[in-house]
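Colleague: A structural model of the following input is requested.
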Amino acid sequence: TTFPVYANMLTLAVNSAKKELVVIPNTKDIWCEDYMPVKNAKGNLVLFKYYPSYVRFKKYIDKITDAGPICDDLGISYTRSDIIIDGGNVVLRKNRAFVTERIFKDNEGVYEKTKLIDTLSDELQAELILIPTQPYDFTGHSDGMVRWLNDDTVLINKYPAEENQKFVKKFKDVLAAAILKTIEVPTSMYSNSTYEDAAGNYLNF
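Modeller: The predicted model follows:
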């Protein structure tokens, strides 16, 4: 309804690949990766609470989707969690998962930091690698910052145009402490006219 041209292109692509296309019913927004369940390291689906700080405004409140009834309609089994985190902030490989420090802001007043880390780690069945939130990224997601290439190598953005080089150093220090090699991917996102535009952030694939 909102993006008919793209929807038609996507449908044709799925059909040409001879894959089944299932429409997610009763959604309020298009970003299903964020509000649908997250698969943990054991292969089980965990449905986190979709109530990130960036949608807690009057103009966005009607965009919040509770995926519980959706999963029930589709016959998808899941475990519900009361932790606030969206799927775009979980980049998992085997038993290690990247999340940004945005989780502390989103769960402030509900979880003490150590308890939050322990609980989220248990629910994801993974060691958490906490990375700093990218400046000016209102979503606070990790999926536009880092991607696994293999068990000991990750892709990250190339940050020469980033004004906040303290953030870059902290980010790289965390990766080094996690004993991870990095490959830097060029990005054109710093030439965008607004920080809300993610064009050119090729890690967010």
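Colleague: please enumerate the strands of this protein.
Modeller: 38-39, 45-49, 79-84, 91-93, 96-100, 127-131, 146-150, 153-157, 181-185 (DSSP state E).
Colleague: for the ones you listed, could you give me CSV that also reports distance to Asn8, mean pLDDT and mean neighbour count?
Modeller: The way it works is simple: take the backbone N, C-alpha and C, and place the C-beta from them, glycine included. Listed next are the strands of the chain as CSV, based on distance: least, C-beta to C-beta, whole Å; pLDDT from 0 to 100; neighbours: other C-beta atoms under 10 Å:
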stretch, distance to Asn8, mean pLDDT, mean neighbour count
strand 38-39, 29, 98, 19
strand 45-49, 29, 98, 20
strand 79-84, 34, 98, 15
strand 91-93, 30, 98, 19
strand 96-100, 34, 98, 24
strand 127-131, 37, 98, 18
strand 146-150, 29, 98, 16
strand 153-157, 31, 97, 19
strand 181-185, 30, 97, 12
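Colleague: of all these, which one is nearest Met9?
Modeller: For the strands of the chain, the distance to Met9 is smallest for strand 146-150, at 24.1 Å, taking C-beta to C-beta.
Colleague: residues contacting the closest residue to Glu127 other than its chain neighbours?
Modeller: Using C-beta to C-beta, 6 or more residues apart in numbering and skipping residues adjacent in sequence, the residue nearest Glu127 is Arg96, 5.0 Å away. Contacts were defined as C-beta atoms under 8 Å, 6 or more residues apart in numbering; by that measure Arg96 touches Ala126, Glu127, Ile129, Ala178.
Colleague: which ones are touching the residue nearest the centre of the chain?
Modeller: The chain has Gly88 as the residue nearest its centroid, 1.1 Å off, counting by C-alpha atoms, centre = their mean. With contact set as C-beta under 8 Å, 6+ apart, Gly88 has these partners: Trp31, Glu33, Asp34, Thr139, His141, Ser142, Asp143, Gly144.
Colleague: what does Thr65 give?
Modeller: Asn26, Thr27, Lys28, Asp29, Tyr35, Tyr50.
Colleague: may I ask which two of those are separated the most?
Modeller: Across the contacts of Thr65, the longest distance by C-beta to C-beta is 13.9 Å; it joins Asn26 and Tyr50.
Colleague: closest to Tyr195 out of the contacts of Gly88?
Modeller: Out of these, the member with the shortest distance to Tyr195 (by C-beta to C-beta) is Thr139, at 10.5 Å.
Colleague: just give me the neighbour total for the closest one.
Modeller: Thr139 has 23 neighbours, counted by other C-beta atoms under 10 Å.
Colleague: could I get the pLDDT score of Ile61?
Modeller: In this prediction, Ile61 carries a pLDDT score of 89.
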